[in-house]
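Colleague: Attaching a predicted model along with its sequence, questions to come.
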Amino acid sequence: MREVQLPPLFSALAVDDDPFDAARAEATKGCDAGLVTYRLASDMMRAAIVFAPEVPLRAAMAVLPVCGIGFQNALGALAPPEVGVHLDWDGAIRLNGARCGKLRAASATVDDDCVPDWLVIGLELRIWPEDEETGQTPDETALLSEGCAEVDAHDLLEAWVRHTLVWVNRWSDEGALPVHKEWTGLAHGIGEPVTFGAQTGKLLGVDEDFGMLLRTEDGTQLIPLSQLLEA
């Protein structure tokens, strides 16, 4: 397996278990920000990045859509031009409308007003379809099912980190507005019915901190992005 080449200040760590869990464990032990854990199998690509935010969790959670934009830019540069990549608010990644993977998030705190010691964003992408009878699950797909057989997992991992770094720097320098504009153009489901937990309504968009604006029978509800954090 060839070595993963990452930008300066990033370091790569191949793991045999779940990279998301491995990244959380390393972050808890005090590893440097920029650690990228990964496991590239024939059927799944899994990776995670450790961040060290300098802002409260409410604002720091913007790194989730930032990583989503980074992934869209990375796959968009490597995949055939007819492959459409879109993002769900909850972290799901869609190829040509069907779910192909997801982003995950974990943090040292769940308090929106606290600056987290670390924040981990995980990526999972299905390369090979789970079921050969793909017509049985029309809302689920895989990289190979969408004409991306030439996309190399190593190249995609490296590109994801590079493009994410570009957007992290832009977010840091220019604030959330350009991220908000880019993400909205890639978002799936705005204006459509969605369900989150026990709440169902129309997805109106997001606020300045990327919290979901959900119109229900009781009015417009704000669901903070931190609600997506895993325990």
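Modeller: Yep, it's here. Residues are numbered from 1 along each chain as shown.

Colleague: what sits against the closest residue in space to residue 33 that isn't next to it in sequence?
Modeller: Excluding the flanking residues, the one nearest residue 33 by C-beta to C-beta, 6 or more residues apart in numbering is residue 52, at 3.7 Å. C-beta: built from backbone N, CA, C; applies to glycine. Counting by C-beta atoms under 8 Å, 6 or more residues apart in numbering, residue 52 makes contact with 32, 33, 117, 118, 119.

Colleague: do residue 128 as well
Modeller: With contact set as C-beta under 8 Å, 6+ apart, residue 128 has these partners: 42, 43, 44, 142, 143, 144.

Colleague: What separation is there between it and residue 18?
Modeller: Distance of residue 128 to residue 18, given as C-beta to C-beta, to the nearest Å: 18 Å.

Colleague: which stretches of this structure form helices?
Modeller: Assigned by DSSP state H, the chain shows helices spanning 19-28, 57-60, 63-78, 153-174, 176-186.

Colleague: Mind giving me the packing neighbours of the longest one?
Modeller: So the one you mean is helix 153-174. Secondary-structure packing of helix 153-174 (3 or more C-beta pairs under 8 Å, 6 or more residues apart in numbering; DSSP states H and E): strand 35-40, strand 44-51, helix 63-78, helix 176-186.

Colleague: State the pLDDT value of the closest residue to residue 222 other than its chain neighbours.
Modeller: Counting by C-beta to C-beta, 6+ apart, residue 222 lies nearest to residue 211, which is 5.0 Å off, once chain neighbours are set aside. Listed pLDDT for residue 211 reads 96.

Colleague: now swap in the one 4 residues further on and tell me
Modeller: Among the per-residue scores, residue 215 shows a pLDDT of 96.

Colleague: Low-confidence ranges, this protein, go.
Modeller: Scanning the chain for pLDDT under 70 picks out the ranges 1, 131-137.

Colleague: what is the residue nearest the centre of it paired to in the beta sheet?
Modeller: For the chain, the residue nearest the mean C-alpha position is residue 103 (3.3 Å; C-alpha atoms, centre = their mean). Beta bridges link residue 103 to residue 123, judged by DSSP bridges.

Colleague: Likewise for the one 4 residues further on?
Modeller: The residues listed as beta-bridge partners of residue 107 by DSSP bridges are residue 119.

Colleague: What count of nearby residues applies to it?
Modeller: By other C-beta atoms under 10 Å, 24 other residues sit near residue 107.
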